[in-house]
Structure formats: C-alpha cells, structure tokens
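>>> Model the structure of this input:
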Amino acid sequence: MYWKLFGLMSALFYSIASLVLRKYEYEDKNVTPFQLLFGMSLFTLLLVLVLYITSEKRRSEVNMIIVNKKFIFWIGLYAILFIIGDILYYYGHINTPHIAVLLAVLTGGIMLEVVGSYYLFGEKLKKNSILGISLIVIGILLLENSNKGLKEEMPKKL
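Below is the predicted model of the structure:
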C-alpha cells in the first residue's frame, strides 16, 4: 500500500522540481543540459557524502556494496541509462515551449515498462489495466496535438 503513497509523493516532487527548473530557465536563457546534469550530480554527491559521514548505518550499507560485483554492474548500467535519460530530459525541458507536454510524453514510457515487465518478469495485466494505459497514451496524443500551431517560444516572464 505504501508504494502508492511513495509514487504520488514522487510525482509531486518531480512536478515541483520541473516547475522550479523552468523558472530558472526563464532567468538564464543560456543554461545547457550539461550544466543542469553537473549541478544535479554535484548536489547529489554532497547529499550522499553528508549521509555517509553522519550515519553509521549508511556507511555500513555502502561498505557492503562496494565489494558486490553484481551490484556494481547493475547499478552502473542503471546509472548510465539514468544519466542519458536525464541529459535528454534536460534538452527537452530547455527546448520545449510546453513542459506539460514534455512530462506527458515522458509518462508514455509506461508502455515500454509494461512490455518489458511482461517479457522479462512475467507480469500480467488485467483488462482494466490495459484500458487505463491505453487511455494514458490517447491522452498524451491529444495533449500533444492540442498544442500544434501554438507559438513555439517561451513566455518572457512567469
């Protein structure tokens, strides 16, 4: 049951973060995706270091995984894919005049996850789940098409 709460909280924080990022993009029109990635990575590293230094529990967790080759491989693969996704997201965020459409398109990634989960993990979906996912995809297409013909420029100020 907690996974729903975590999912909703995650969506809330990601949405607020996206709006904060958009506000900064209005202030600094020359920001690059690499600058955004570097800034995120730097703050993440600082947070992890603070947790590592101040928490014995976190230190022991890290010490256990450093020698785990399987963990290093899978988290390394995940990190590379996540970083590529972040860079592409930042490019999209900087270049789209409508962040709502960008975020809706990102939500469309659910289709890839559903297909991957079915084939890789044998997860099954009921008819209502398939209908819900189909409605999400239709909603994304409607949202994207509703913005065609609008000016492709960012407003001057928020």
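
>>> Can you name the residues in contact with the one helix or strand in the chain whose mean pLDDT sits lowest?
Taking mean pLDDT, DSSP states H and E as the measure, the helix or strand of the chain with the lowest value is helix 99-107, at a mean of 79. Residues outside helix 99-107 that contact it (Cβ atoms under 8 Å, 6 or more residues apart in numbering) are 15, 18-19, 22, 89, 92-93, 96, 136, 139-140, 143-144, 147. Glycine gets a C-beta too; all of them are placed from N, C-alpha and C.

>>> Now do the helix or strand containing residue 144: which elements does it pack against?
Applying DSSP states H and E as the criterion places residue 144 in helix 127-146. Counting contacts by 3 or more Cβ pairs under 8 Å, 6 or more residues apart in numbering; DSSP states H and E, helix 127-146 is packed against helix 99-107, helix 110-121.

>>> Residue 140: neighbouring residues, count only.
Using other Cβ atoms under 10 Å, residue 140 is surrounded by 19 other residues.

>>> cool, the one 4 residues further on as well?
When neighbours are counted by other Cβ under 10 Å, residue 144 registers 15.

>>> who's in contact with it?
Contact analysis of residue 144 by Cβ under 8 Å, 6+ apart lists 101, 104, 105.

>>> at 10 Å instead, please
Residue 144 sits next to 98, 101, 102, 104, 105, 108 when contact means Cβ atoms under 10 Å, 6 or more residues apart in numbering.

>>> Check the gap between it and residue 64 for me.
From residue 144 over to residue 64 the distance is 45 Å, taken as Cβ to Cβ, to the nearest Å.

>>> same check, this time on residue 82
Distance of residue 82 to residue 64, computed by Cβ to Cβ: 22 Å.

>>> re earlier: so which bits of the least confident helix or strand of the chain are buried?
99, 101, 102, 103, 104, 106 (16 or more other Cβ atoms under 10 Å).

>>> Would you mind giving those as JSON lines with distance to residue 78 added?
Compiled in JSON lines, the buried residues of helix 99-107 are given as follows (distance: Cβ to Cβ, whole Å):
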{"residue": "99", "distance to residue 78": "25"}
{"residue": "101", "distance to residue 78": "27"}
{"residue": "102", "distance to residue 78": "23"}
{"residue": "103", "distance to residue 78": "22"}
{"residue": "104", "distance to residue 78": "24"}
{"residue": "106", "distance to residue 78": "17"}
